[in-house]
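S.K.: Turn this into a structure:
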Amino acid sequence: MSLKLRKLLWHRGIAALILGGFTTFGFAPFHMSSVPVITSAGLFLILHNQNPRQIFWSSFCFSLGLLLSGVHWIFVSLHDYGNMHPLLAGIAVFVLCVLFALPLGLVQCALGKSVKATTLRLTLVFPVGLALSDWTRDWFLTGFPWLAIGYSHVPTSPLSTYFPVFGVYGVSLASAVCSGSVAYAIQKIRDMRTENIKKRSIFVGLLPGGITMLAALLLYFPSWTQEKSAAPLSISMIQGNIPQDVKWSQEWAIRTLKIYENLIVGEGSDLVLLPETALPVFEHSVPGWFWASLSESTSRAGNEIILGLPEKDSSGRLFNSLVHIHMNERDRYKKHRLVPFGDYFPSNKLTSHLFDYFDIPMSDFSPGPTRQKPFQVGEEKIGVDICYEDVFGEEIIKQLPEATILANFTNDAWWGNSIGPWQHLQIAQARALESGRDLLRVTNTGITAHINHKGQIVKQADQFNRTILRSQVLGRVGSTPYVIWGNSAILVLCGSILFACLMMALVRPKDQTR
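M.R.: The predicted model follows:
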């Protein structure tokens, strides 16, 4: 590799890294949804005349910049609460970001090698590559689809209307197509300085973005789901605000149970919700007085309770579970989608030595069943999930359309006072949009919230505050298109666009530089 080429790769890599870093401002808590459109356009301009190796490097750097700036809060969970040495925690975060930056580089490299026509690259090929790379991170190395570009358009962007139809990766595609049109227009304006290019040719490249925006406006009108005629369900979401650094200590176990007992007793709502692992002891170890107090409270108020706690089965397997208490009966939901190195250590024989550097309690859970039934609460059916599961849209729709209301139980205290909990709240808003259901989100330290089926926050509790968030929610019935076909539709759409681009490139082989 020549010195000139190395310098070029270095300079473009740095530019892409900076663009990726700025892209974080498109997500919560900043909510500047136009930023990813602009930064992605900048990336496409960098890529448009590069060879496959250069495309990989620039795309990789862009994704790395986004992840480093956007998920740096993982350091807090590893160091502040996992007691990992700061150097090792920093290395772990960097390695994680490097690994999950690979999909964008690999996908864009493959697509850029297949289609060399500049017009097609800018307006369609690279936008499809961005959407497909977001989807690839859904399953690559067990999956980490955090900061998929589509999330930046929750909930007020015009492109948010694509959520019920194509899900978050469809919104990623719509956003990227708009970026491609912007990049094309900028490139044509540049070319006008040296070439005889008609101004009207600029508008040709703006068509994909224009059509995308027009379709988004038209999708505002359909009502995919409908309210049930039943009376609203009154709910109380209890935010216990138990400090994470003492949550699992023996000294705090009884104190935590008493805190939640005092918050539960006297609540007259139809449904009382407690967060993930609200009870820091195994179910069989919970004192009898606690269950007796809950039983007396529910009998007197006529309500039901869903709470999180760890449980151990007869074979010794551990589960991160939810228990639904009603009429002295208990139903269960066991977390299926586990967090690597959080809920469990993959390939224990290879990674057991890492326990020397981690001090994360309850990090050896087993997965629950793939498909589990919603909880029946009065006339409503509550589709539940625990923490990280709501990052995967296809996990949530497994309980739909049967579920009339969704509920997420989480503990974002691991991330401290960072931007992580706000990004997680935004992800929950996307799940509400995709499903056409209200979503109840109850957390330990925040952000507890009631989100309506349009992804808008109805009520929200302050972070790091012990409180009870009360609201009323109506169940909804019906299916959005995304509930019916999941991610299949966006994959078919992306495949169709790429096939059309390949055909056009074959028909017009001379269009290699324009």
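
S.K.: Going by C-alpha atoms from here, please, whenever you check contacts or count neighbours.
M.R.: OK.

S.K.: Let me see the ranges of the strands in the stretch 301-450 of the chain.
M.R.: 304-312, 318-326, 329-334, 375-377, 380-386, 405-410, 439-443, 449-451 (DSSP state E, counting those that start in this stretch).

S.K.: What mean pLDDT does the fourth one get?
M.R.: Rounded to a whole number, the mean pLDDT of strand 375-377 is 96.

S.K.: Listing partners with orientation, what would you give for that strand?
M.R.: Each strand paired with strand 375-377, and its direction, by DSSP bridges: strand 380-386 (antiparallel).

S.K.: Same check on the last one?
M.R.: Strands adjacent to strand 449-451 in the sheet, as given by DSSP bridges, are strand 439-443 (antiparallel), strand 457-460 (antiparallel).

S.K.: Of the ones you listed, flag the one that's most buried.
M.R.: Ranked by mean neighbour count, those are led by strand 439-443 with a mean of 29 (mean count of other CA atoms under 10 Å).

S.K.: Show me what that one is in contact with.
M.R.: Applying CA atoms under 8 Å, 6 or more residues apart in numbering, the contact partners of strand 439-443 are 237-240, 273-276, 405-412, 428-429, 432, 447-453.

S.K.: Also stretch 466-474?
M.R.: Contacts of stretch 466-474 (CA under 8 Å, 6+ apart): 227-228, 230-241, 263, 405, 438, 445, 448-450, 459-461.

S.K.: now it: how far from the chain's centre is it?
M.R.: In terms of CA atoms, centre = their mean, to the nearest Å, the centre of stretch 466-474 is found 23 Å from the chain centre.

S.K.: Let me see the domain layout of this structure.
M.R.: 3-224+487-507, 226-479 (automatic domain parsing).

S.K.: returning to what we had before: residue 484 is nearest to which of the strands paired with strand 449-451?
M.R.: Nearest to residue 484 among the strands paired with strand 449-451 is strand 439-443; the distance by CA to CA comes to 18.7 Å.

S.K.: And the host helix or strand of residue 172, what does it pack against?
M.R.: Using DSSP states H and E, the element containing residue 172 is helix 163-191. With contacts taken as 3 or more CA pairs under 8 Å, 6 or more residues apart in numbering; DSSP states H and E, helix 163-191 sits against helix 34-47, helix 126-136, helix 200-218, helix 420-435, helix 481-485, helix 488-507.

S.K.: quick revisit: need the strands paired with strand 449-451 in CSV with distance to residue 161 and mean pLDDT, can you?
M.R.: CSV is the format used below for the strands paired with strand 449-451 (distance: least, CA to CA, whole Å; pLDDT from 0 to 100):
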stretch, distance to residue 161, mean pLDDT
strand 439-443, 17, 98
strand 457-460, 16, 97
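
S.K.: now these as TSV including distance to residue 60?
M.R.: Formatted as TSV, the strands paired with strand 449-451 follow (distance: least, CA to CA, whole Å):
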stretch	distance to residue 60
strand 439-443	34
strand 457-460	34
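
S.K.: Now do the contacts for residue 236.
M.R.: Residue 236 is in contact with 267, 269, 271-273, 468-471, counting by CA under 8 Å, 6+ apart.

S.K.: ditto for residue 438
M.R.: 405-406, 432, 450-455, 473-476.

S.K.: Tell me the buried residues within the residues you listed.
M.R.: Neighbour-count burial (16 or more other CA atoms under 10 Å) applied to the contacts of residue 438 gives 405-406, 432, 450-455, 473-476.

S.K.: on that earlier part again, which of the contacts of strand 439-443 count as buried?
M.R.: Among these, the ones that count as buried by 16+ other CA under 10 Å are 237-240, 273-276, 405-412, 428-429, 432, 447-453.

S.K.: Mind checking which residue lies nearest the centre of the protein?
M.R.: residue 391 (3.6 Å; CA atoms, centre = their mean).

S.K.: My understanding was that it contacts residue 145; is that so?
M.R.: Yes. Under the criterion of CA atoms under 8 Å, residue 391 is in contact with residue 145, at a separation of 7.0 Å.

S.K.: Residue 386 - nearest residue in space that isn't next to it in sequence?
M.R.: Among residues not flanking residue 386 along the chain, residue 409 sits closest, at 4.9 Å (CA to CA, 6 or more residues apart in numbering).

S.K.: Can you give me the distance of the one you found to residue 254?
M.R.: 21 Å (CA to CA, to the nearest Å).

S.K.: Return the set of buried residues in stretch 481-501.
M.R.: 481-483, 486-487, 489-491, 494, 498, 501.

S.K.: What count of nearby residues applies to the closest residue to residue 209 other than its chain neighbours?
M.R.: The shortest distance from residue 209 to any non-neighbouring residue, by CA to CA, 6+ apart, is to residue 178 (4.3 Å). In terms of burial, residue 178 registers 26 neighbours under the definition other CA atoms under 10 Å.
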